[in-house]
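1. attaching a predicted model along with its sequence, questions to come.
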Amino acid sequence: MMMRDDDEEEDQLHQTAVLEQVFGHFSSDDEEEADNHHIAAVLEQVFGNSSSDEEDSDSDNKNWECIKEVKGLCILRNFLSISQQTRLLSSINSENWFTQPSINQAMRFGYQNLPNWAIKLSNSIHHSISSSSSSLFPSNLLQRKPFFDQMITNFYQPGEGICPHVDLLRFEDGIAIVSLESSCVMDFSFEEESVPVLLNPGSLVFMFGDARYVWKHEINRKPGFQSWQGQLLDQSTRTSVTLRKLCSSPST
Ligand SMILES: O=C(O)CCC(=O)C(=O)O
Ligand SMILES: [Fe+2]
């Protein structure tokens, strides 16, 4: 969080006063234990929950990696911390979308129909993209409102993936995919060329231009196909959230 200097100074004074108040009067063991709880509570109040806050700190200095062979394909590997991944997964699970084995995909159309957690995710993706250094991304994409208004959550069992495809033209340029649980390799292909990209849990993929319109993407999780740097990847369940923007006048 950014703070003005004078706010910061005032805040430090406040913290000192609180710490003095907390640490100033240890006596017996019982009292000490009670105090420890109190200290933890006050520290949390003053500094926030440090274990998660440290990890969840702002995304400005996280680094985008752009895949040079596939123009318009960028990935932010540390988009979500472990605790953020856990929270997102539990929000998805509380939708109860995937309680029957036959259902492995949930879609929502229209900004007002997105779950709250998807709106927060969309805001956070927008922030990560717009705070990236220099001109990695086309500026017209960043200015559209809402940034995303369509969501697909896919739930994959081991062995399940997605066939090669280009996303439908009814969606605008600029598509985001957030990966959770099992790592997987997504293959981008164009004519004879194929480029494997590792999608680690917590990563954010953003595709635009050629990566979105020209290259197909595919995940083949059939036994034997998921290998990265010569090593077969462990396959457990995988969840992904894809966010897109519907075109205002739909194409076919
Ligand atoms: O699950 C993924 O990572 C990709 C999903 C996808 O490509 C799509 O829904 O169009
Ligand atoms: Fe897709």
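-> In hand now; what should we look at? Numbers count the residues shown, from 1 in each chain. Ligands and ions are numbered 1, 2, ... in the order given.
2. for residue 192, see how far away residue 154 is.
-> Applying C-beta to C-beta, to the nearest Å, the value for residue 154 to residue 192 is 28 Å. C-betas here are computed from N, CA, C, even on glycine.
3. again with residue 78
-> 33 Å.
4. tell me what residue 241 is bridged to.
-> Note on residue 241: beta-bridge partners by DSSP bridges are residue 153, residue 178.
5. that one reaches residue 119, doesn't it?
-> No - the pair residue 241 / residue 119 is not scored as a contact, 11.9 Å apart, by C-beta atoms under 8 Å.
6. okay, those two: which has more neighbours?
-> More neighbours surround residue 241 than the other of residue 241 and residue 119, with 22 against 18 (other C-beta atoms under 10 Å).
7. where do the helices sit along the stretch 101-250 of the chain?
-> Taking DSSP state H, counting those that start in this stretch to define them, one finds helices in the stretch 101-250 of the chain at 116-130, 139-143, 210-213.
8. my guess is residue 194 contacts residue 185. True?
-> No - the pair residue 194 and residue 185 fails to qualify as a contact (C-beta under 8 Å) at a distance of 10.6 Å.
9. counting neighbours, go ahead and name the busier of these two.
-> Between residue 194 and residue 185, counted using other C-beta under 10 Å, the more crowded position is residue 185 (18 against 14).
10. surely the more buried one and residue 233 touch.
-> Yes - between residue 185 and residue 233 a contact is recorded at 7.0 Å, counting by C-beta under 8 Å.
11. joint contacts of the two?
-> Common neighbours of residue 185 and residue 233 (criterion: C-beta atoms under 8 Å, 6 or more residues apart in numbering): 226, 227.
12. tell me the residue of the stretch 151-252 of the chain that sits nearest ligand 1?
-> residue 240 (3.4 Å; C-beta to the nearest ligand atom).
13. pLDDT score for that residue?
-> With respect to pLDDT, residue 240 scores 98.
14. quick one: contacts for it?
-> 153, 154, 156, 177, 178, 179, 180, 199.
15. pick the one among those closest to residue 222.
-> residue 156 (11.8 Å; C-beta to C-beta).
16. strands of this structure, start to end?
-> 64-66, 73-76, 105-109, 150-156, 162-165, 175-181, 184-190, 193-199, 204-207, 216-219, 227-228, 231-232, 238-244 (DSSP state E).
17. for residue 142, which of those strands is the nearest?
-> Taking these one by one with C-beta to C-beta, strand 204-207 is closest: 10.9 Å.
18. partner strands of the closest one and their direction?
-> strand 73-76 (antiparallel), strand 175-181 (antiparallel).
19. would a markdown table of these with mean neighbour count, distance to ligand 1 and mean pLDDT be doable?
-> Listed next are these as a markdown table, based on neighbours: other C-beta atoms under 10 Å; distance: least, C-beta to the nearest ligand atom, whole Å; pLDDT from 0 to 100:
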| stretch | mean neighbour count | distance to ligand 1 | mean pLDDT |
| --- | --- | --- | --- |
| strand 73-76 | 22 | 12 | 97 |
| strand 175-181 | 22 | 5 | 98 |
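20. out of those strands, which comes closest to residue 227?
-> Residue 227 lies closest to strand 175-181 among the strands paired with strand 204-207, at 17.3 Å (C-beta to C-beta).
21. for the stretch 101-250 of the chain, what lies in contact range of ligand 1?
-> 152, 154, 162, 167, 177, 217, 240, 242 (C-beta under 6 Å from any ligand atom).
22. residues contacting residue 238?
-> 154, 155, 156, 179, 180, 181, 182, 184, 221.
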